[in-house]
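Colleague: here is my input, please return the structure:
(one chain, ligands or ions: 1)
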Amino acid sequence: MFSKEKIDELIKNHPKLSAIINTEETFWQNPLYNNSDITEIEGLKIDNILDAENRLKRFAPYIAIDFPETAPERGIIESPLKEISNMKISIENLLDMSLEGKLLLKCDSHLPISGSIKARGGIYEVLKHAEDLATKEGILSLNDDYSILAQDKFKNFFSQYKIVVGSTGNLGLSIGIMSAMMGFKVFVHMSADARQWKKDLLRSKGVNVIEYEADYSKAVEEGRKQSEKDPNSYFVDDENSVSLFLGYAVAALRLKKQLKEMNIIVDNNHPLFVYLPCGVGGGPGGVAFGLKLLYGANVHCFFAEPTHAPCMVIGMMTRLHNEVSVQDFDIDNLTEADGLAVGRASRFVGKVMDSILSGIFTVQDDVLYRYLTLLADTENIYIEPSAAAGFPGLKWINSTPEGKKYIESINLIEKMKNSTHIVWATGGSMVPRDVMQSYYKKGR
Ligand SMILES: *Cc1c(COP(=O)(O)O)cnc(C)c1O
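Modeller: Residues are numbered from 1 along each chain as shown. As a prediction, this is how the structure comes out:
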């Protein structure tokens, strides 16, 4: 906990902090946001994302073999982008307002292999590490057909190595499933928030799951300690990993293609709004970074956090980044949105977001369930609570003084009728039926 004096001083400098400390739903507009085109931030540019995309293409023939559900897409792990017009009408009725523009859902909830946005960054990082090891050993070259990686020879080779990660659940699933399939020894350190079925599923695949009574930060710390003891062990650092971040950023290239195929224009007269659920920051940060490189001033990215785990908004607002945790303000970090139950944000991501993120809003748990159920009823799409966090962004932007202020600040009022809004649904398809049924009932 911070001292009362310290908290008072921070509130004086950042008035919105007071509502956040009271766990009220809040909208924060980023004062450092620079609505312009970008080519590079913190040394990262489009070439880095293209490099990641090419790596995923090299691995695709292998993935298509070991994960046959990806065969129709030839081993490329991607999710649909869907227009959800029925949901749009229902939201308009629910909130008694009209939503300008088109409403789309990015269904990372239905990404193959691990059913969440973590199938982007998490799997990418495992593949990159495997490639580094195998090329260094001289058993793989970048020009090979990577389908050879499905052979026992490679699984035996990777079995000498360990991969370790700390997670609230979904990162563990992605890293665990992919690493175990490739032959690695995997250790997933799970925080108290992690759902039982995620731990059971991982154990069934031969993954070592270590459970903690404490939150995500503790699971990461213990994972890091375990990994440091062993030179053959690799720690996936969710808080600082550039490679994880670039894996997520590839989503932007894919999304651009999908928008084009749907004849949806994003330009000076057709703004794009994207609402992304945020935990430690890597997933939404990577996607936002990629989109900003591609669309510049024409895309507006907002993060969504639970009212009880608002680590990124506190970190960015105070500019203290990972030097503060929500617990410093006596916020409990207890939320049903397990994928977002993070008390301390990534410093690396916060810094990259400083000038490109439009803002952050916070969401109460019961609101997540309401949207989850509404989406199931109107579109027959089932997502997990964390993944519904983006929906309230529509209300903030369309019908609140805070949203209006943002729209005015960048001269978008006349253009809103041409706008496109993408709610990023970050997880859900692996949730067992009975668990999903209980989510659905809660939303009713
Ligand atoms: C992990 C996760 C997020 C957020 O990703 P971060 O990289 O932790 O910010 C959002 N939604 C779901 C379902 C997740 O599992």
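
Colleague: list of residues touching the host helix or strand of residue 59?
Modeller: Using DSSP states H and E, residue 59 sits within helix 46-66. Where contact means CB atoms under 8 Å, 6 or more residues apart in numbering, the residues beyond helix 46-66 that reach it are 39, 70-71, 74-77, 113, 124, 127-128, 131, 142, 145-150, 181-182, 243, 246-247, 249-250, 252-253, 290, 293-294. In short, each C-beta sits where N, CA and C put it, glycine included.

Colleague: okay, buried residues for that helix please.
Modeller: 46, 48-49, 52-53, 55-56, 58-66 (16 or more other CB atoms under 10 Å).

Colleague: go on, stretch 250-259?
Modeller: 250, 251, 252, 253, 254, 255, 258, 259.

Colleague: out of those, the closest to residue 299 would be?
Modeller: Closest approach between the buried residues of stretch 250-259 and residue 299, by CB to CB: residue 252, at 9.0 Å.

Colleague: which element is residue 133 on?
Modeller: Assessed by DSSP H and E, residue 133 sits inside helix 118-137.

Colleague: kindly provide the distance from the residue nearest to the spatial centre of the chain to residue 276.
Modeller: In the chain, the centroid-proximal residue (CA atoms, centre = their mean) is residue 283; its distance is 3.0 Å. Distance of residue 283 to residue 276, given as CB to CB, to the nearest Å: 7 Å.

Colleague: swap in residue 436?
Modeller: Distance from residue 436 to residue 276, by CB to CB: 22 Å.

Colleague: and these two? Which one has more around it.
Modeller: Set side by side, residue 436 and residue 276 show more neighbours around residue 276, with 28 against 18, by other CB atoms under 10 Å.

Colleague: assumed the more buried one was part of a strand.
Modeller: Yes. Checked against DSSP: H, G, I helix; E, B strand; the rest coil, residue 276 lies within a strand.

Colleague: so it makes contact with residue 305?
Modeller: No. Counting by CB atoms under 8 Å, residue 276 stays clear of residue 305, with 10.2 Å between them.

Colleague: would you map the strands across the stretch 201-350 of the chain?
Modeller: For the stretch 201-350 of the chain, the strands defined by DSSP state E, counting those that start in this stretch occupy 208-211, 233-236, 272-277, 299-306.

Colleague: just put these in TSV and tack on distance to the ligand and mean pLDDT.
Modeller: As requested, the strands of the stretch 201-350 of the chain are exported to TSV (distance: least, CB to the nearest ligand atom, whole Å; pLDDT from 0 to 100):
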stretch	distance to the ligand	mean pLDDT
strand 208-211	16	95
strand 233-236	12	97
strand 272-277	4	98
strand 299-306	8	98
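
Colleague: quickly list the domain ranges of the protein.
Modeller: Domains of the chain are assigned by automatic domain parsing as 4-43+70-113+243-443, 118-240.

Colleague: can you give me the end-to-end distance of the last one?
Modeller: The first and final residues of domain 118-240 sit 15 Å from each other (CA to CA, to the nearest Å).

Colleague: quick one: mean pLDDT over stretch 149-168.
Modeller: The average pLDDT for stretch 149-168 rounds to 97.

Colleague: now it, how far from the centre of its chain.
Modeller: Its chain's C-alpha centre and that of stretch 149-168 lie 24 Å apart, by CA atoms, centre = their mean, to the nearest Å.

Colleague: please apply the same query to stretch 347-364.
Modeller: The answer for stretch 347-364 is 12 Å, by CA atoms, centre = their mean.

Colleague: name the residues of that stretch that come out as buried.
Modeller: Neighbour-count burial for stretch 347-364, with 16+ other CB under 10 Å as criterion, is recorded at 347-354, 356-364.

Colleague: can you sort out which of those also neighbour the ligand?
Modeller: Among those, not one lies near the ligand by CB under 6 Å from any ligand atom.

Colleague: looking at those, which are in strands?
Modeller: When the buried residues of stretch 347-364 are checked against strands (DSSP state E), the matches are 359, 360, 361, 362, 363.

Colleague: just give me the closest of these to residue 320.
Modeller: Using CB to CB, these come closest to residue 320 at residue 360, 14.9 Å.

Colleague: is it correct that that closest one is in contact with residue 307?
Modeller: No. Between residue 360 and residue 307 there is no contact under CB under 8 Å: 11.8 Å.

Colleague: any shared contact partners between the two?
Modeller: Between them, residue 360 and residue 307 share no contacting residue under CB under 8 Å, 6+ apart.

Colleague: and the helices in the stretch 151-300 of the chain?
Modeller: 152-158, 170-182, 196-204, 216-228, 242-261, 282-295 (DSSP state H, counting those that start in this stretch).

Colleague: okay, the ones you listed in TSV with distance to the ligand next?
Modeller: TSV is the format used below for these (distance: least, CB to the nearest ligand atom, whole Å):
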stretch	distance to the ligand
helix 152-158	25
helix 170-182	3
helix 196-204	10
helix 216-228	9
helix 242-261	7
helix 282-295	3
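
Colleague: residue 210 is nearest to which of these?
Modeller: Using CB to CB, the helices of the stretch 151-300 of the chain put helix 216-228 closest to residue 210, at 7.2 Å.

Colleague: residue 12: what secondary structure?
Modeller: The three-state label given to residue 12 by three-state DSSP is helix.

Colleague: burial of it, as a residue count?
Modeller: Close neighbours of residue 12, defined as other CB under 10 Å, add up to 10.
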